[in-house]
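Trainee: let's see this in three dimensions:
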Amino acid sequence: MSAGQATTGLVRLLRLTEVVLNQVSHWSEARWGPLGETLHDVIQRMAGPDHALPRLGSVALPDQLRVIVADVLREGDSTRIDAALDDLAGFRGTLKASQ
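Mentor: As a prediction, this is how the structure comes out:
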């Protein structure tokens, strides 16, 4: 993969993260419902099997997403970035379908 392709994935993940955060960062615990578990699962997959993500409550999920995405981007592994993009895009599709 070229440096340009890696940068594109990085930028796409940043933008998608911001879109999702803009949609959910203001939600109350009651608003989350089962979507909280869904996003927690997405973030856990991004974090990887060696990093157990604590379930702090749904209102903490936007902060957890920010931290884990920053870790993924800092690592810079294009495979991990692509997997995070796929997972987060799937969650965004679920969000759209639920509204």
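Trainee: quick one, what contacts residue 44?
Mentor: 52, 53 (CB atoms under 8 Å, 6 or more residues apart in numbering). Heads up, the C-betas are built off the backbone N, CA and C, glycines and all.
Trainee: packing partners for the lowest-mean-pLDDT helix or strand in the chain?
Mentor: In the chain, no helix or strand scores lower on mean pLDDT, DSSP states H and E than helix 3-24, which sits at a mean of 89. With contacts defined as 3 or more CB pairs under 8 Å, 6 or more residues apart in numbering; DSSP states H and E, helix 3-24 has these neighbours: helix 61-75, helix 78-98.
Trainee: for the longest one, could you pull out the residues that count as buried?
Mentor: To tie it back to what came earlier, the one meant is helix 78-98. For helix 78-98, the buried set under the neighbour-count rule, 16 or more other CB atoms under 10 Å, comprises 78, 80, 81, 82, 84, 85, 87, 88, 89, 91, 92, 95.
Trainee: output the helices and strands packed on helix 3-24 as a markdown table; include the columns distance to residue 21 and mean pLDDT.
Mentor: Shown next, in a markdown table, are the helices and strands packed on helix 3-24 (distance: least, CB to CB, whole Å; pLDDT from 0 to 100):
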| stretch | distance to residue 21 | mean pLDDT |
| --- | --- | --- |
| helix 61-75 | 5 | 97 |
| helix 78-98 | 10 | 96 |
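Trainee: out of those, which is closest to residue 42?
Mentor: helix 78-98 (4.7 Å; CB to CB).
Trainee: which residues are in contact with that closest one?
Mentor: Against helix 78-98 from outside (CB under 8 Å, 6+ apart): 1, 5-6, 9-10, 12-13, 16-17, 19-20, 23-24, 35, 38-39, 42, 45-46, 48, 69, 72-73.
Trainee: how far away is residue 51 from residue 33?
Mentor: Noted for residue 51: a distance of 26 Å to residue 33, by CB to CB, to the nearest Å.
Trainee: are any of the contacts of helix 78-98 buried, and which?
Mentor: 9-10, 12-13, 16-17, 20, 24, 35, 38-39, 42, 45-46, 69, 72-73.
Trainee: now for the nearest residue to residue 32 once chain neighbours are set aside, how many residues are close by?
Mentor: Leaving aside its chain neighbours, residue 32 sits nearest to residue 58 (3.6 Å; criterion: CB to CB, 6 or more residues apart in numbering). Counted with other CB atoms under 10 Å, the neighbours of residue 58 add up to 21.
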